[in-house]
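Colleague: need a structure here:
(6 chains)
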Number of protein chains: 6
Amino acid sequence: MMTVDKRNRVTADTQAKAGILIEALPFLKNFGGKRLVIKVGGELLDNEEASASFAQDLILLKSVGIQIVLLHGGGPQISRAMEKLGKKPEFKNGLRVTDQETMKIMSMVLLGDLNRKLVSLLNVHGPKSVGLSGADGNLFSVEQESPELGFVGKLKNINTDLVIKTLENGYMPVIGSVGVDDQGQAYNINVDLAAGNLAAALGAEKLLVLSNVEGLYETFGDENSLIPEIKAKGLKKMKESGSLTAGMIPKVDGILAALDGGVKRAHILDGRVEHAVLLEIFTPEGIGTMIFRDRSD
Amino acid sequence: MMTVDKRNRVTADTQAKAGILIEALPFLKNFGGKRLVIKVGGELLDNEEASASFAQDLILLKSVGIQIVLLHGGGPQISRAMEKLGKKPEFKNGLRVTDQETMKIMSMVLLGDLNRKLVSLLNVHGPKSVGLSGADGNLFSVEQESPELGFVGKLKNINTDLVIKTLENGYMPVIGSVGVDDQGQAYNINVDLAAGNLAAALGAEKLLVLSNVEGLYETFGDENSLIPEIKAKGLKKMKESGSLTAGMIPKVDGILAALDGGVKRAHILDGRVEHAVLLEIFTPEGIGTMIFRDRSD
Amino acid sequence: MMTVDKRNRVTADTQAKAGILIEALPFLKNFGGKRLVIKVGGELLDNEEASASFAQDLILLKSVGIQIVLLHGGGPQISRAMEKLGKKPEFKNGLRVTDQETMKIMSMVLLGDLNRKLVSLLNVHGPKSVGLSGADGNLFSVEQESPELGFVGKLKNINTDLVIKTLENGYMPVIGSVGVDDQGQAYNINVDLAAGNLAAALGAEKLLVLSNVEGLYETFGDENSLIPEIKAKGLKKMKESGSLTAGMIPKVDGILAALDGGVKRAHILDGRVEHAVLLEIFTPEGIGTMIFRDRSD
Amino acid sequence: MMTVDKRNRVTADTQAKAGILIEALPFLKNFGGKRLVIKVGGELLDNEEASASFAQDLILLKSVGIQIVLLHGGGPQISRAMEKLGKKPEFKNGLRVTDQETMKIMSMVLLGDLNRKLVSLLNVHGPKSVGLSGADGNLFSVEQESPELGFVGKLKNINTDLVIKTLENGYMPVIGSVGVDDQGQAYNINVDLAAGNLAAALGAEKLLVLSNVEGLYETFGDENSLIPEIKAKGLKKMKESGSLTAGMIPKVDGILAALDGGVKRAHILDGRVEHAVLLEIFTPEGIGTMIFRDRSD
Amino acid sequence: MMTVDKRNRVTADTQAKAGILIEALPFLKNFGGKRLVIKVGGELLDNEEASASFAQDLILLKSVGIQIVLLHGGGPQISRAMEKLGKKPEFKNGLRVTDQETMKIMSMVLLGDLNRKLVSLLNVHGPKSVGLSGADGNLFSVEQESPELGFVGKLKNINTDLVIKTLENGYMPVIGSVGVDDQGQAYNINVDLAAGNLAAALGAEKLLVLSNVEGLYETFGDENSLIPEIKAKGLKKMKESGSLTAGMIPKVDGILAALDGGVKRAHILDGRVEHAVLLEIFTPEGIGTMIFRDRSD
Amino acid sequence: MMTVDKRNRVTADTQAKAGILIEALPFLKNFGGKRLVIKVGGELLDNEEASASFAQDLILLKSVGIQIVLLHGGGPQISRAMEKLGKKPEFKNGLRVTDQETMKIMSMVLLGDLNRKLVSLLNVHGPKSVGLSGADGNLFSVEQESPELGFVGKLKNINTDLVIKTLENGYMPVIGSVGVDDQGQAYNINVDLAAGNLAAALGAEKLLVLSNVEGLYETFGDENSLIPEIKAKGLKKMKESGSLTAGMIPKVDGILAALDGGVKRAHILDGRVEHAVLLEIFTPEGIGTMIFRDRSD
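Modeller: This is a model prediction of the structure:
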């Protein structure tokens, strides 16, 4: 078969393009109309370039019919805002003691700053996304974890109605991880667990967890020990054996919640890699670490 | 017709109840399925008791089939947050100069604190409301008013799609008045004008403007000069004649935008009065000042 | 919180109104979209004032989204028409012997006079109701009770399709209690039993039985022995013990049919009390006698 | 082509059946889903045999997808009932003076007796029809014709909503010709005019007027002068020239109202002829007198 | 009851027409909205007169709301086309060896000639039918029967989606019996089996098998032994006893597949009889041989 | 921004993939839900490799939500079939004289062979396409062009209903270019004109004409004179000036019919180029010759 190269003609290069589009075909077929829950860590939201490429990926995926639900954290930004206001963080058993003022700052940073910015970034080329919090439509109902931690909440119920209607209306929900109790009081909730449980509640096809690490390592610190894929069972063993870093534990807990709840696959991706989401979804190689349920179904 | 008083029996008192319910009937018939846009000033959101009675009213109105869209300001709260951060307000021609940091504080206070709280308050008895901003679904598109004012925005376009779908999905939109330009940059917008224009764009039946004054006075300072009702024409004359107070001017501008855009009636109500909204909608006397279009249609 | 009293201002009195509307809120929430079957005795239809207040109540309840199905009797009116035509009533075991001519008079009075009037009364403020009989859409199919009673029918089947579609089309069905057999012959049926069974077949939330007594008495004749509430079990015992008056027995049979068929609550109300229905539905005290199923579910 | 005659075989006779079914095909195609308004005079309802064959025809037409709306009178039956009650008819200018008692008798006979019987007859083989009056859903709104005639009504408005929904729900509306004013008072209305105007309001394909005459005659009394078809214009001339009998005038007025309102064809049929309706609709010859609009469209 | 005969009047003859239309009523009621699968043998498609009357019948049945699915063979036409191209038929165990070229000829004759003609014939009076093959929407998926027979296919799966949507869209599917394997290769399939299995998959009310015999005979060659009706069980016995002719065996297999799959009745009809289908459906006598399931349900 | 290369890591190469997917984004957005009419010449259908890549492209485009309608010719295949049957082609004024036998061969080749194969090829990975002809749902109604040409048809009417419903049902219509007159007689129609007119009737976004030339040349024979884009006006001038080759004239006529009927753009593509359709739709460079309407709208 010939390829031609002059005025408006086909070249080897354009043929390569066709090949890549063709390669993406089975992935498009598999994901069309399916739900994809993505959690992005706050550490990536400071990176404007990564955020822009990330937003572009989401819009592309949405435009080809994938239903995306995005959850974001905001740890570093909250810490900076607290510092600015002269507020000192206090921890008990690794969990942040959240008094009323801390909670207000968290809510303001997550919902009033980061969430609004993400939505605006996604909407530059059209009204595609809507910012939500756990208070909207009582999405994340919580109860207090323990009195000594203050407003740290434990997920009690997920009301998916608003998220599903938002998707059906053609918008992408962008969710800031704040929960509410039955008095309407806001609570600090773990965004990884919220994402994993929401993925299960929505019957999502996949959960993607983006952070600033390449994936899961067998040996922390050894770049060559990146694990390309692992079963849920294996991941549970790693956790029990204590070989996970502190930062990885909540991510793993969220992923296991998703897989236990019926989600087929979860991925830990390096959000600093340009178009990480697009490449994970559309290329056969995949990137980062894939975790899958023990019985493939 | 007899009324009885012992065990489980009807008394004059319960008959009076019936009378009040009966009186509300024609108003219910008129408003069922119609849209009502309500703007509540930030000054009222500090008042917990007023907020609670206000929330109860909105849930009642919603439960009988009225489609409510709520917009809120947050002036005093923004000022307090700025002070806390050692930021000094600057004004030009009565408009607040809004630099990048001021805008971030405004967005955090309006969307991350006040909006979230209002939504939580409304959702205590069930998932009834959803918080939105002008960024969500590109609701309020703006352009810069003038470079010297910084991020002060002029409404360029209202995209009602998300608001209408939110209503159709059975949720009450609660809107924080932040606009976005076509680059996704947030802007400070006038909530009264946003409410008036949105009421017109939604074909609302009524616009209610709640603040901490009883209504419009013929003579400022004279409590006896409260105007029960006035035509749009008369209101325009009052504005031109300079007899309005500075605080009343943006409210009047928003109301005139609504009436010019086809809304039949607007009301200025005292939000400090318990159940002001309920009484305005359901009782024949009405409260505050009613402004209506020149030709009744 | 202040209340004010001059021109267009809020007074203590208007605040009381708000309180009553607020009190009605949880009842509105509970009944919205639910079905309510109401049986009104013929003795009340002669009372123009009671009929007018009753019609007003039904329109109010319908306007707030309650699906009402009304059944009516017409005993006194039928007796008067028979007398006028020189026809003598004959009874066997307390049941009226119904010959062809009696049946024709019953049908004419119930469907051609009372039903038409009730519908007209309800439709004065708009096309809200539709008159039906057991012949329409084969609503009440019957077979002969016993040859010696003539055209006295026993309910064999209830076809709810037409009633449900009438409700879905936004009309209130007003049903005259005439049954038909499979040859199209009209039959005299007991309206209390028809109402109770229809309530069960429609999955109604409540059955209201309106007559000209205050409710159920423990001791007939002792006004102080009105029973505010009683379980179905207790009511069955009362019936078995023979302590019910003759006039109460069919009402009780209809109520027990409804409760056995899944209806949660039934009420015996005094229809002479102005706005009895409205007060029963919208006030916490309730009126008359409430009968509820043994296990609250 | 052969035809065979033994066990289970085709004969010339069964082939003739096929021919007749085939002949009916184009008529079925033309009427499928269309609306047909039929007015049947009270004089035919005394004839049990004619009523049964008429009912069978309507069910057949309905079963093949024609939307039928039936209106009926009841003149002779009303007169008999009045006599029985010792009530004397009084006329002014050919119109019956209708006092309150006369109106009550009319309503009872039309709605409580004749209408119920027609519905029962149609429903013997399944729930196919629903009885309606002008009071149901405010179908026929009237105002008083003149005070000296009492409750004789002039059609002011037709509300087709209920009739259309009844058809869409799969039921045949059977309408007794009683009108109501805006106070809910019943009125005596002309059933021919009601039928003609309703046919126009429903956009009916055809209006059939069944009575006990063969059709329209050029010369009254001359059986050979039956007119097979005539334009609306010609019919108007006949009326103006005074050549119509008194009994024919309201029929002609109703027909002209239908044709002026857009109905294409009307027919005067002899309801005593077995299956007159079926034959008019399904055979090429037609029967009775056809009246059509001046411009065929 | 009189019948009249002059100008536009009813005669005994037109009354007979009414009788036949009335007789057809219960059949119309039974089949409305039901599915009817009809298989017509290729031998009948050469007969222009029979085809025209057959097409007229189908359009009539469709016009009264019966959902018809037509399958056709083309044996004689395929044989003639093969001869023309100098191709000799070869058989093994009664099955035609189908090489690539034979398959191509079959496909061309069935789909390119016969199917197109049938569709055109049905569409002369409006766009009523659509030609389909087993390739369209993967209707008939097959696998190879045995390598030595070449492209003779065994039904593996029936995908009814396209057929159902075609019916729902208001078109009659006309299906040429070609199957495809999972590589898209066309296969020769038995049209009787395809029809029987499709009837079962569609939940058809009836299967009609039209050929050029009167029906099933008890004794082949004895015209008087035509069987009017037989149970599936009896038919199975006949097959096992070897009393069926070779030509009847595939028809019987298809019919048994239908009945085993839930179809209530099947008929073997003589397609040479004018309007055989119409008469079978609409007359009480029926024609040909009816086969029914053992338990009537 | 870093890219990484070891186990499951991102490389420059995978980043290039992302770039190509990103580049395709605006095209996907523009075409989603739009209709694309594609005409493929018979000369390409002999080329198995080209057909397979072409089918893959169509499935990809369909899977991302583009509504594709495919029309195909079959000139060379018809000629070969005629030769095989000893039939000689005859031409008058460049148009093929089409006698009854020729027409039958055309129909068999187009619908029974080529169409079936294309559908099977497209359905290998799922039931995605349906074969249609101009007879199905009376898609292409024609009248005779001139008696001396026999069954050569001129398009008289296009009935898009079936095509639109096929698309709405989720299938791709694959259309063989045979027309029918009002007697159901098949006719030879020009597939280019059929495609152009159908594109206009469907409100298609684009018409693609695939053949075995690179595009349109300014100077026939000069490979360097390929025209990348031209306005409809310019194309008309070229046609009038006689500079088009005979083979190009019908293509140009079809394209002009499409553009005159409202289609915005048409393309002449070289179908021998692998993935020509994909590259034309998804890459900014485009290939072949684009023809656009004079006023861009």
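
Colleague: residue contacts, the residue nearest to A:G271 when sequence neighbours are not counted?
Modeller: The spatially closest residue to A:G271, leaving aside those adjacent along the chain, is A:L210, at 3.6 Å (CB to CB, 6 or more residues apart in numbering or on different chains). Just so you know, the C-beta spots here come from the backbone N, C-alpha and C atoms, and that holds for glycine as well. Listed by CB atoms under 8 Å, 6 or more residues apart in numbering or on different chains, the contact set of A:L210 reads A:38-41, A:44, A:54, A:269-271, A:276-277.

Colleague: wait, doesn't A:R96 sit right on A:I189?
Modeller: No. Taking CB atoms under 8 Å as the definition, A:R96 is not a contact partner of A:I189, at 11.5 Å.

Colleague: who touches both of these two?
Modeller: Taking CB under 8 Å, 6+ apart as the contact criterion, the residues that touch both A:R96 and A:I189 are A:V152.

Colleague: okay, the residue in the stretch 101-250 of chain A that chain C sits nearest to and chain E: tell me how far apart.
Modeller: As assessed by CB to the nearest CB, chain C sits closest to A:N138 within the stretch 101-250 of chain A, at 15.8 Å. Computed with CB to the nearest CB, to the nearest Å, the distance linking A:N138 and chain E is 39 Å.

Colleague: show me what contacts that residue?
Modeller: For A:N138, the contacting residues are A:157, A:159, A:180, B:123, B:126-127, by CB under 8 Å, 6+ apart.

Colleague: on that earlier part again, following whatever helix or strand the residue nearest to A:G271 lives in, which helix or strand comes up?
Modeller: Under DSSP states H and E, the secondary-structure element containing A:L210 is strand A:206-211. From strand A:206-211 onward toward the C-terminus, using DSSP H and E, the following helix or strand is strand A:229-231.

Colleague: quick revisit: pairing partners for the strand holding A:L210, with directions?
Modeller: strand A:35-40 (parallel), strand A:265-270 (parallel) (DSSP bridges).

Colleague: output it as PDB, restricted to C-alpha atoms.
Modeller: Once side chains and other backbone atoms are set aside, the C-alpha atoms of strand A:206-211 remain, and they are given as PDB (Å, rounded to 0.1, in the frame of the first residue of the first chain):
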ATOM      1  CA  LYS A 206     -11.800   2.000  37.200                       C
ATOM      2  CA  LEU A 207     -10.300   4.100  40.000                       C
ATOM      3  CA  LEU A 208      -7.200   6.200  39.200                       C
ATOM      4  CA  VAL A 209      -5.100   7.600  42.000                       C
ATOM      5  CA  LEU A 210      -2.800  10.400  40.900                       C
ATOM      6  CA  SER A 211       0.000  11.600  43.100                       C
END
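
Colleague: quick check: closest non-adjacent residue to the residue of the stretch 101-250 of chain A closest to chain C.
Modeller: By the measure of CB to CB, 6+ apart, the closest residue to A:N138 outside its immediate chain neighbours is B:P127, 3.9 Å from it.

Colleague: that neighbour contacts A:L162, doesn't it?
Modeller: Yes. B:P127 lies in contact with A:L162 (CB under 8 Å); the separation is 6.8 Å.

Colleague: ok, these two, which is more surrounded?
Modeller: The residue with more neighbours, out of B:P127 and A:L162, is A:L162; 22 against 19, by other CB atoms under 10 Å in any protein chain shown.

Colleague: and the lengthiest helix in chain A, what's its mean pLDDT?
Modeller: Longest among the helix segments of chain A by residue count, using DSSP state H, is helix A:12-31. For helix A:12-31, mean pLDDT is 76.

Colleague: is A:V130 in a bridge, and if so with what?
Modeller: Here A:V130 sits in beta bridges with A:P173, as judged by DSSP bridges.

Colleague: what about it, neighbour count?
Modeller: Other residues near A:V130 come to 29 when the count uses other CB under 10 Å.

Colleague: closest one to D:A199 among the strands paired with strand A:206-211?
Modeller: Smallest distance to D:A199 across those (CB to CB): 53.5 Å, for strand A:35-40.

Colleague: please save the CA atoms from that closest one in CSV.
Modeller: Taking Å, rounded to 0.1, in the frame of the first residue of the first chain, the C-alpha atoms of strand A:35-40 are listed here in CSV:
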residue,chain,number,x,y,z
ARG,A,35,-17.6,5.6,34.9
LEU,A,36,-14.1,6.5,35.8
VAL,A,37,-13.3,7.9,39.3
ILE,A,38,-10.1,9.9,39.5
LYS,A,39,-8.5,11.2,42.7
VAL,A,40,-5.9,13.8,42.3
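
Colleague: how about the residue most central in space within chain A: which residues does it bridge to?
Modeller: Computing the C-alpha centroid of chain A and ranking residues by CA atoms, centre = their mean puts A:K39 first, at 1.0 Å. According to DSSP bridges, the partner residues bridging A:K39 are A:L71, A:V209.

Colleague: my read: it touches A:L207, true?
Modeller: Yes. Taking CB under 8 Å as the definition, A:K39 is a contact partner of A:L207 at 7.3 Å.

Colleague: give me the common contacts of those two.
Modeller: Listed as contacting both A:K39 and A:L207 by CB under 8 Å, 6+ apart are A:195, A:254.

Colleague: now, which of the contacts of A:L210 sits nearest chain C?
Modeller: With CB to the nearest CB as the yardstick, the closest approach to chain C among these comes from A:K39, at 36.0 Å.

Colleague: next, the angle from whichever strand or helix holds A:A50 to strand A:206-211.
Modeller: Of the helices and strands defined by DSSP H and E, A:A50 is found in helix A:48-63. If you take axes from the mean of the first three to the mean of the last three CA atoms, to 10 degrees, helix A:48-63 sits at 170 degrees to strand A:206-211.

Colleague: list the buried residues for helix A:48-63?
Modeller: Of the residues in helix A:48-63, those scored as buried under the neighbour-count criterion (16 or more other CB atoms under 10 Å in any protein chain shown) are A:50-51, A:53-63.

Colleague: near chain F at all, that helix?
Modeller: Yes. Looking at helix A:48-63 against chain F by CB under 8 Å from any CB of the partner chain, the contacts come from A:49-50, A:53, A:56, A:59-60, A:63.

Colleague: contacts for that helix next, please.
Modeller: By CB under 8 Å, 6+ apart, the surrounding residues in contact with helix A:48-63 are A:31, A:36, A:38, A:40, A:44-45, A:68, A:70, A:118, A:121-122, A:124-125, A:128, A:172, A:210, A:271-272, A:274-278, A:281, F:1, F:21-22, F:25, F:28-29, F:32.

Colleague: select only the buried ones of those in PyMOL?
Modeller: A single PyMOL command selects the buried members of the contacts of helix A:48-63 (16+ other CB under 10 Å):
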select buried, (chain A and resi 31+36+38+40+44+45+68+70+118+121+122+124+128+172+210+271+272+274+275+276+277+278+281) or (chain F and resi 21+22+25+28)
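
Colleague: for the nearest residue to A:T219 once chain neighbours are set aside, what are its contacts?
Modeller: With CB to CB, 6+ apart as the criterion, A:T219 has its nearest non-adjacent residue at 4.4 Å, and that residue is A:S225. Listed by CB under 8 Å, 6+ apart, the contact partners of A:S225 are A:217-219.
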